[in-house]
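Asks: Have a look; sequence and predicted model below, questions after that.
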Amino acid sequence: MITSPTPRRDAASTAGTVSEVFVTFLRLGLTSFGGPVAHIGYFREALVVQRHWVSEQVFSELLSLTQFLPGPASSQLGFALGLMRAGWAGALAAFLAFTLPSALLLVLFAQVQPDLLNATGGAALRGLKLVAVCVVAQALFSMARQLTPDMPRICIALASAALVLLQDSAWAQLLAMLVSAAAGAVICRLPAVPTPVTLQGNRKLAMVLLVIFTVTLLGSLTLDTGYALLDAAAGFYRAGALVFGGGHVVLPLLEQSVVEPGLVSPEEFLAGYGAAQAIPGPMFSVAAYLGAKLGGYAGASLCLAAIFLPGFLILGAALPMWSRLTADRRTRAAFAGVNAGVVGLLAAAFWTPVCSEAIAQPSDVLIAAIGLGLARAKLSSLWVVVWCVAASIGRGLWTS
């Protein structure tokens, strides 16, 4: 019988029900504004402090694991917490409840966006593109400070950015991650870590999940069906499998999958990304917006499943092996190199397509600079959205 991973110590106080998990995460999905880092705070307050689902120590270990792995970190953390509370059905309930509100809102935005072609609607969409400039710049500052604290990792980040800018392709991005991992294993020096909580699980199931993850990733790297929606879904799967660092870093991989082939225009892409800042829930839900552009509700469902699935597969595979992974310094150094490479990847995306598509006139720079100031002041990204959209509309009315 397949058993869900459970901690050997610091366990959750009691087992829960699937409906309890669904209702709790639906509330979080409706109220968790602010991006992946803010989501972690919401989860801790709701599930550790208020409901005592897990202890501080188990929560910290699950958080470390999700930061260590590729994929959407906050969604993986929610998936793991649902798994700990109510088994695999609880994990699925946590994912669906946390993701559905944002996904439905973005599908609705995809449907109404073509109607926003009047002067006011066009100005609002330009404002959403400036939101992307502010949010990605803030994410870049924050991640660079955290993930490139020394010269070896700064060099890895610069090399990664240069490689992607000079050779803009999905393979260049994958190569940048592989080179960053190899460089990190050689030149990064990390201190020893305390012995983590051992997360017990079914090792046979973990191996099955790892095989599925590997086979599907290789398939997504080679798939070329000629059908736009299927090929885009393969690109979304690659993005979910290869991205480290959360929602903002997925931007260049998604852009590679839908903008460069001409499936979605740069303006539509950045407008959707900007809209994703204004709603609660995971940033990866932008896949629902892009999928809806390509194939309606079916396209939204397919792309949403494709981008989230690899992160959950690798999480399930890693849970029983977590303590062994973190005990090996060379492995942790390799992942430190990957994280530094991610900073370079995000820097390249900030230059193009974010700034190259959003900044068209001097007033755009001023609006984005003020929006970045709001983000740097740690205000909710919702205020950044309000400022950029209102300023863009006001500028349009002033100059008309």
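Replies: Cool, the structure landed.

Asks: Strands of this structure, residue ranges please.
Replies: Using DSSP state E, the strands of the chain run over 6-7, 199-200.

Asks: Compare the mean pLDDT across those strands and name the weakest.
Replies: If the strands of the chain are sorted by mean pLDDT, strand 6-7 sits at the bottom with a mean of 45.

Asks: so where is the stretch 51-200 of the chain shaky, pLDDT-wise?
Replies: By pLDDT under 70, the low-scoring segments of the stretch 51-200 of the chain are 64, 117-119, 168-170, 192-200.

Asks: got the residue ranges for the helices in it?
Replies: Residue ranges of the helices in the stretch 51-200 of the chain, as given by DSSP state H, counting those that start in this stretch, are 56-68, 73-112, 119-147, 151-166, 170-187.

Asks: The stretch 251-400 of the chain now?
Replies: Taking DSSP H, counting those that start in this stretch, the helices of the stretch 251-400 of the chain run over residues 251-258, 266-277, 286-318, 322-327, 329-349, 356-358, 362-376, 381-399.

Asks: and those helices, which one is worst for confidence?
Replies: helix 322-327 (a mean of 70).

Asks: Quick one: the helices of the stretch 251-400 of the chain as a markdown table, columns for distance to residue 18 and mean neighbour count too.
Replies: Where C-beta positions appear, they are placed from N, C-alpha and C, glycine not excepted. Below are those laid out as a markdown table (distance: least, Cβ to Cβ, whole Å; neighbours: other Cβ atoms under 10 Å):
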| stretch | distance to residue 18 | mean neighbour count |
| --- | --- | --- |
| helix 251-258 | 31 | 24 |
| helix 266-277 | 28 | 24 |
| helix 286-318 | 16 | 23 |
| helix 322-327 | 25 | 16 |
| helix 329-349 | 33 | 24 |
| helix 356-358 | 42 | 18 |
| helix 362-376 | 37 | 18 |
| helix 381-399 | 31 | 18 |
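
Asks: Out of these, the one nearest residue 171 is which?
Replies: helix 251-258 (9.8 Å; Cβ to Cβ).

Asks: C-alpha coordinates for that closest one, CSV please?
Replies: Output in CSV follows, covering the C-alpha atoms of helix 251-258 (Å, rounded to 0.1, in the frame of the first residue of the first chain):
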residue,chain,number,x,y,z
LEU,A,251,9.0,34.5,-17.5
PRO,A,252,11.8,33.9,-20.0
LEU,A,253,10.9,30.2,-20.4
LEU,A,254,7.3,31.0,-21.1
GLU,A,255,8.2,33.8,-23.4
GLN,A,256,10.4,31.3,-25.3
SER,A,257,7.5,28.9,-25.7
VAL,A,258,4.7,31.3,-26.9
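
Asks: burial measure for the residue nearest to residue 334 when sequence neighbours are not counted, as a count.
Replies: Distance criterion Cβ to Cβ, 6 or more residues apart in numbering; nearest residue to residue 334, sequence neighbours excluded, is residue 185 at 4.1 Å. Residue 185 has 18 neighbouring residues, counting by other Cβ atoms under 10 Å.
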